[in-house]
Structures are given as structure tokens and as C-alpha cells.
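Trainee: Just to be clear, the model below is a prediction. Sequence and coordinates:
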Amino acid sequence: MIKRCFDIIVSLIAIIILLPILLLIALWIKIDSRGSIIYKQIRVGKGGRDFGIFKFRTMHPDSDIKGLLTVGGRDPRITNAGYLLRKYKLDELPQLFNVLKGDMSLVGPRPEVRKYVSRYSDEQLKVLSVKPGITDFASIHYSNENEILAKSANPEQTYVQEIMPHKLALNLKYIQEASLMTDLKIIAATVMKIVS
């Protein structure tokens, strides 16, 4: 209950304060390339239920047909505006509306697509016992995930066999340590990571 109240208050305040920036980003995306401003992707949330996660569109239309993983800092599918939006995690800002709706929390395991959730072990499926979040321990640790995948001869294999299991271990660690203080520490660490 406390976590939900915290999510509602903080996301609402953040949306109000960031509204001018959100509008400027929306205008930039519209001018920069054809397509919608918001990209909605189906992810798996609490209890294994699907929901639509909101992001500012950073790729050219239909780019997800060519693969779900983004590889390297200069993936040709990414738009000019998209490079900067992704670099500073600004493409994630619309997820504040997911938090307000109740699909997500500010802090929690990052929601995954069904393709990868289907590979989870019984132990790993425990991450679906809580609401997914905008940020978590794994987001901070793998802030350079695109660069790691770019160095791999087989990005898909590297993600599934190395990165994903470690992310899930960090998510399970979060669930064990979950508290308002832990959430505040993760939010602060995320802001510092983006700024640095």
C-alpha cells in the first residue's frame, strides 16, 4: 500500500514537472522521422499477465520485425533522435504513465517480452510475483548492455545464456530486499548513472 501510494505521488509529480520536456521530445520525434510518437510493446507483468509498456519511439517503424534485441550504440534501426533518447534513457519517460495506471512500479524487475519469459525456470518465474518497474538493480548494472551485445558473435545467445540469468538473479535479490529505502537507493543510483 505504501509502495503504491509512493508510486502514484512520485509519478504524478514527475509527469507534471516533466510535461514541457515530454512535449518537446514528442515534437522532436515527429519532426525527425515518420511514425508514431509513442511505441507500445507487449511485456509480461505481475502474475504473468501481458500489458502494453509505453516508450518514446526510437526506431524506424516495423524495426522490431528484424529482432527484439538492440545491438551496439549505432544500430541502423534507431532514428537520429532515438540515439540521444536511448543514451540518456529519455525514451523510458512515458512509463511514468504505466506506473500511474498501475501496470508498473517505479522500482521493480524490468518487464520482459513473452519470448524470453518462456525460458524462465521455476525459480526465475518468481520475478513475476511483483510489479515490474522502470528501474532496478539489473538496469543499473547493465546500463551498457547494447555495447556488450555488440561485441558478441551471437548476441541472442549471449543475452539468453549470460545476461538474462544474471539480470534475473539481481531481480530475485531485489525481491528479497524490497523496501521503500531500497527503492529510494535504486532511484538515486539510476539518476547518478544517467548523469555520469
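Mentor: Perfect, I can see it now.

Trainee: List the buried residues of the lowest-mean-pLDDT helix or strand in the chain.
Mentor: Least confident helix or strand of the chain, by mean pLDDT, DSSP states H and E, is helix 145-150 with a mean of 85. By neighbour count on 16 or more other CB atoms under 10 Å, the buried set for helix 145-150 is 145-146, 148-149. C-beta: built from backbone N, CA, C; applies to glycine.

Trainee: Quick check: the two most widely separated of the residues you listed?
Mentor: Using CB to CB, the pair of the buried residues of helix 145-150 lying farthest apart is Asn146 and Ile148, separated by 7.3 Å.

Trainee: just to revisit the earlier point, summarise which helices and strands the helix or strand following the least confident helix or strand of the chain is packed against.
Mentor: Later in the chain than helix 145-150, the nearest helix or strand by DSSP states H and E is helix 155-158. Contacts defined by 3 or more CB pairs under 8 Å, 6 or more residues apart in numbering; DSSP states H and E place helix 155-158 against helix 145-150.

Trainee: and the helix it packs on, what other elements does it pack with?
Mentor: Counting contacts by 3+ CB pairs under 8 Å, 6+ apart, helix 145-150 packs against helix 155-158.

Trainee: pLDDT on the helix it packs on, on average?
Mentor: Mean per-residue pLDDT for helix 155-158: 91.

Trainee: same thing with stretch 176-188?
Mentor: Mean predicted confidence for stretch 176-188 is 95.

Trainee: try stretch 46-54
Mentor: Taken as a whole, stretch 46-54 has a mean pLDDT of 98.

Trainee: buried stuff in it?
Mentor: Neighbour counts over stretch 46-54 (16+ other CB under 10 Å) mark 46, 51, 53-54 as buried.

Trainee: Just the terminal-to-terminal distance for it.
Mentor: Start-to-end span of stretch 46-54 (CA to CA, to the nearest Å) is 16 Å.
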